[in-house]
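# Dropping a prediction and its sequence here:
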Amino acid sequence: MAEAPPLQIIFFLLLLLQATAGEREDEACLANLYKSFEDKQNNLRNWTAANFASPCNGFTSFLDGATCNNGRVFKLALPSRSLSGGLAAGLGGCADLQTLDLSSNELVGPIPPELHLLSNLAVLNLSANRFSGVIPAELSLCVYLNVIDLHGNLLSGEIPQQLGFLARLTVFDVSGNNLQGEVPALLANFTGGAPRFNVSSFAGNSGLRGFPLPPARGGGLTVAAIVCIGLASGAASLLLSFAVVCAWIRADDRKRALAKSSHPNSPPPSLL
């Protein structure tokens, strides 16, 4: 009867299989991401199929903008690379990814809800692009998120209430979009005597309202208009009063003239 393999060998084989599966996931994730980009200036020249298959060697990365840890990509930072196109939904395959920074590019389209598959994601910076559509509520499933920076896009709709439950969130910026509705209370409540996120996090959204934003200006009259109306009303009242007095004087004069004509020989009233 053959002797069972030692537990150490079984454990090693399991780790090997897990690492191989992880590399395949990274390969598919990176390939999908690259396909969704338009790299007109060839800034990602080393993003090749060969490097997708083996993007890391321990802590060494073979891809521009990628940082590795124990053979897995855990950070992608590609700010200001003049990238256009969109953001691939298949990015969720990079399961170890903790930072995704695609800020200051020309990316368009929606933010894919599949980002919630990045269960270890701590930093999401998609600012200064042209992303449109709504902010995915599914981002609230990334419980390790510390930073959500989406400022300077074309996002619309309301801010998902669920994002307020992200307990680790310390940076939240959705300024300069087309958002509307109420600021979620859990993103604006007081912590330590100050709002959790201040006005600058929400500014530049004409349809957004609620604390900590200042009260919206109503569609009523301006101060100058109110003053003008007041002056006009006063002038009208004065003219009306003057007209009434003139009419009363004329009526009194007529009454006296009629009385004099009806008694032409009557003596003048006594002064005594």
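On my side now, so go ahead.
# Show me the helices in the stretch 101-250 of the chain, by range?
If DSSP state H, counting those that start in this stretch is used as the criterion, the helices of the stretch 101-250 of the chain fall at 185-188, 223-262.
# Confidence-wise, which of these is weakest overall?
Lowest mean pLDDT within those: helix 223-262, at a mean of 51.
# for the stretch 51-200 of the chain, which spans come out with low pLDDT?
The stretch 51-200 of the chain contains residues with pLDDT under 70 at 190-194.
# Can you check what pLDDT the model gives residue 1?
With respect to pLDDT, residue 1 scores 48.
# from here on, count from 657
That works, and once the first residue is 657, the last one we named lands at residue 657.
# Just want the phi and psi numbers for residue 684.
phi -70, psi -40 (degrees, to the nearest 10).
# same thing with residue 709?
Dihedral angles for residue 709 - degrees, to the nearest 10 - are phi -70, psi -30.
# So it sits against residue 683, correct?
Yes: if you go by Cβ atoms under 8 Å, residue 709 and residue 683 touch, sitting 5.3 Å apart. Every C-beta, even on glycine, is put in place using the N, C-alpha and C of the backbone.
# The two: who's more crowded?
residue 683 (18 against 13; other Cβ atoms under 10 Å).
# secondary structure class for that one?
Using DSSP: H, G, I helix; E, B strand; the rest coil as the criterion, the local structure at residue 683 reads helix.
# Quick one: residues contacting it.
Residue 683 makes contact with 708-709, 711, according to Cβ atoms under 8 Å, 6 or more residues apart in numbering.
# Let's see that with 7 Å instead.
Going by Cβ atoms under 7 Å, 6 or more residues apart in numbering, residue 683 touches 708-709.
# That one and residue 689, how far apart?
From residue 683 across to residue 689, the span is 11 Å (Cβ to Cβ, to the nearest Å).
# Please report phi then psi for residue 741.
Dihedral angles (degrees, to the nearest 10) for residue 741: phi 100, psi -150.
# was I right about it contacting residue 761?
No: the criterion here is Cβ atoms under 7 Å, and residue 741 misses it with residue 761 at 9.0 Å.
# between the two, which one's more packed in?
Between residue 741 and residue 761, counted using other Cβ under 10 Å, residue 761 has the larger neighbour count: 21 against 18.
# my guess is the more buried one contacts residue 739, does it?
Yes: using Cβ under 7 Å, residue 761 is in contact with residue 739, at 4.2 Å.
# Counting neighbours, what do you get for the closest residue to residue 724 other than its chain neighbours?
Using Cβ to Cβ, 6 or more residues apart in numbering and skipping residues adjacent in sequence, the residue nearest residue 724 is residue 712, 3.6 Å away. Look at residue 712: counted by other Cβ under 10 Å, it has 21 neighbours.
# Relative to residue 698, how far out is residue 712?
Applying Cβ to Cβ, the value for residue 712 to residue 698 is 23 Å.
# Using PDB, list the CA coordinates for stretch 689-700.
What follows is stretch 689-700, C-alpha atoms only, in PDB (Å, rounded to 0.1, in the frame of the first residue of the first chain):
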ATOM      1  CA  LEU A 689      -8.100  46.800 -18.700                       C
ATOM      2  CA  TYR A 690      -5.600  47.500 -21.500                       C
ATOM      3  CA  LYS A 691      -8.200  46.600 -24.200                       C
ATOM      4  CA  SER A 692     -10.600  49.200 -22.700                       C
ATOM      5  CA  PHE A 693      -7.900  52.000 -23.000                       C
ATOM      6  CA  GLU A 694      -6.900  54.000 -26.000                       C
ATOM      7  CA  ASP A 695      -3.200  54.700 -25.500                       C
ATOM      8  CA  LYS A 696      -2.600  57.200 -28.300                       C
ATOM      9  CA  GLN A 697       0.700  58.400 -26.900                       C
ATOM     10  CA  ASN A 698       2.000  54.900 -26.300                       C
ATOM     11  CA  ASN A 699       2.600  55.500 -22.600                       C
ATOM     12  CA  LEU A 700       1.800  51.800 -21.800                       C
END
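# which residues touch it?
Stretch 689-700 is contacted from outside by 703, 720, 737-744, 747, using Cβ under 7 Å, 6+ apart.
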